[in-house]
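> for reference, the sequence and a predicted model appear below.
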Amino acid sequence: MHTLIIGQPEQGKSTLAKIIVRQAAQAGTGSVVLDPIGDDWGPSAIIVDSVEDMIEYAKAPENANKLLVIDESSISFDHYDKKQHWVAKIARHNGHSSIFIGQNVTDVPKGVRTMCTQLFVFASSRTDARELSDQFDDDMLLSVTKLPKLHFVRIVNRQATRGMIDIRTMQILMQPAPVKPMVRKMEKSTKST
Ligand SMILES: Nc1ncnc2c1ncn2[C@@H]1O[C@H](COP(=O)(O)OP(=O)(O)OP(=O)(O)O)[C@@H](O)[C@H]1O
Ligand SMILES: [Mg+2]
């Protein structure tokens, strides 16, 4: 699965990706991270310095089923749009999952964005909110212009949910889905019988 994480600076994108990397490690999946900032991604992550290195590593049959993370897509790739497509393609064929992170929608090429089935959006510009709400066909994304730091809207399987990062526990907290009126009715009728 390809994941797209978009948001303005200092909103929590890398922190979220680090939590996902840690969760993957707990499930037995190692990660390969391209991060020009050089953050600490924990013991389960192999850090690569270039897109070429990531592609080479990810292509090797013995390295299948990893989580590939590209932080700061615009810096990492610059004019390497084609390479970013490569990462997305290799990921699919070699059983990898991948995460593309950008401060703006345009940091990640459209062809890659459209391959992403999971989306996390932190506070973003109105232009980006519109673009993403069009692409993922959900108006909840229009509200991301007003999100506080560390809060996001997630779309997966065409379902939008709000969530946040608890920085103290380093956990992702998702807002519970609202109970549908139909379900409430059924519960009521069950109780009265
Ligand atoms: N371990 C921590 N303890 C306390 N606060 C933290 C910790 N890690 C991150 N934060 C807070 O989370 C904020 C978001 O950081 P993060 O690096 O995830 O942002 P980002 O969206 O990746 O920003 P950028 O686009 O600049 O890379 C930071 O400004 C910081 O306040
Ligand atoms: Mg970051």
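Received it, and whenever you're ready, just let me know what you need. Ligands and ions are numbered 1, 2, ... in the order given.
> for ligand 2, give me its nearest residue in the protein.
Nearest residue of the chain to ligand 2: Ser14, at 3.1 Å (Cβ to the ion). (Each C-beta comes from the backbone N, C-alpha and C, glycine too.)
> name the element that residue belongs to?
Ser14 is part of helix 13-26 when elements are defined by DSSP states H and E.
> need the contact list for the residue of the chain closest to ligand 2.
Asp35, Ile37, Asp39, Asp71, Ile101 (Cβ atoms under 8 Å, 6 or more residues apart in numbering).
> from the contact counts, what lies against the strand ranked longest in the chain?
When the chain is parsed with DSSP state E, its longest strand is strand 159-166. Of the remaining helices and strands, those touching strand 159-166 by 3 or more Cβ pairs under 8 Å, 6 or more residues apart in numbering; DSSP states H and E are helix 13-26, strand 151-156, strand 171-174.
> rewinding a little: by neighbours, which of the contacts of Ser14 wins?
Using other Cβ atoms under 10 Å as the neighbour test, these are led by Ile101, with 25 neighbours.
> near ligand 1, which residues of this structure show up?
The chain comes close to ligand 1 at residues Gly7, Pro9, Glu10, Gln11, Gly12, Lys13, Ser14, Thr15, Gln103, Ile167, as judged by Cβ under 6 Å from any ligand atom.
> show me where pLDDT drops low in this structure?
73-82, 177-193 (pLDDT under 70).
> having no further points to raise, I will conclude here.
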